[in-house]
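give me coordinates for this.
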Amino acid sequence: MYEYDTFCRLVERREFDKSRLEFWNTEYAQYKKPITYFLTNISYDEKGRINEKYDYFSDPCESMDDHYLFKNFYKSNDLLEKTEIFFRGRRVSTTRYSYTFY
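Down below sits the predicted model:
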């Protein structure tokens with residue numbers, strides 16, 4: 001499920017990817033209640049660049065567990081190119097962004 005603002009920018013994404021959820025529940029939430037979705041909220045600054053990006057889980061307490069390093073990489077025009085997520089020094093996920101201009 002996706003929500004967009006008046007400028008057609010993604011502001012909320014609710015992800016139900018079964019394989020990603022299985023991986024997450026097996027790797028990181030072994031002894032906890034399984035999570036059922038991932039939630040991402042994005043806010044933008046006045047120039048349209050991503051200001052803040054938060055990732056949540058269906059279990060709010062799970063969001064507070066452990067520590068993850070998020071590294072953002074930007075294009076020359078200040079748009080986000082990719083985000084790499086590290087857990088205990090190991091890269092666990094990479095999200096790449098593509099843009100379509102009309």
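
just name the shakiest helix or strand of this structure by mean pLDDT.
strand 50-57 (a mean of 76; mean pLDDT, DSSP states H and E).

hmm, who's touching the strand or helix carrying residue 19?
If you go by DSSP states H and E, residue 19 is part of helix 18-27. With CB atoms under 8 Å, 6 or more residues apart in numbering as the contact definition, helix 18-27 has outside contacts at 34-38, 92. Quick note: C-beta positions are derived from backbone N, CA and C, even for glycine.

got TSV for those, with secondary structure too?
What follows is the contacts of helix 18-27, written out as TSV (DSSP: H, G, I helix; E, B strand; the rest coil):
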residue	secondary structure
34	coil
35	coil
36	coil
37	coil
38	strand
92	strand
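
hmm, which two among those are most spread apart?
Comparing all pairs in the contacts of helix 18-27 by CB to CB, the longest separation belongs to 36 and 92, at 19.3 Å.

got a ChimeraX select line for the buried ones in the contacts of helix 18-27?
For selection in ChimeraX, the members of the contacts of helix 18-27 meeting the burial criterion (16 or more other CB atoms under 10 Å) are listed in this command:
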select :35,38
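
neighbours of residue 21, how many?
19 (other CB atoms under 10 Å).

can you read off the pLDDT for it?
We note a pLDDT of 85 for residue 21 in this prediction.

kindly report the same for residue 73.
88.

tell me which element it falls in.
strand 68-74.

who are the packing partners of that strand?
Under the contact criterion of 3 or more CB pairs under 8 Å, 6 or more residues apart in numbering; DSSP states H and E, the helices and strands touching strand 68-74 comprise strand 50-57, strand 80-87.

which other residues reach the last one?
Counting by CB under 8 Å, 6+ apart, the neighbours of strand 80-87 from elsewhere in the structure are 28, 49-50, 53, 66, 68-75, 91-97.

buried subset of these as a PyMOL selection?
The following PyMOL command selects only the buried members of the contacts of strand 80-87, with burial defined by 16+ other CB under 10 Å:
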select buried, resi 28+50+53
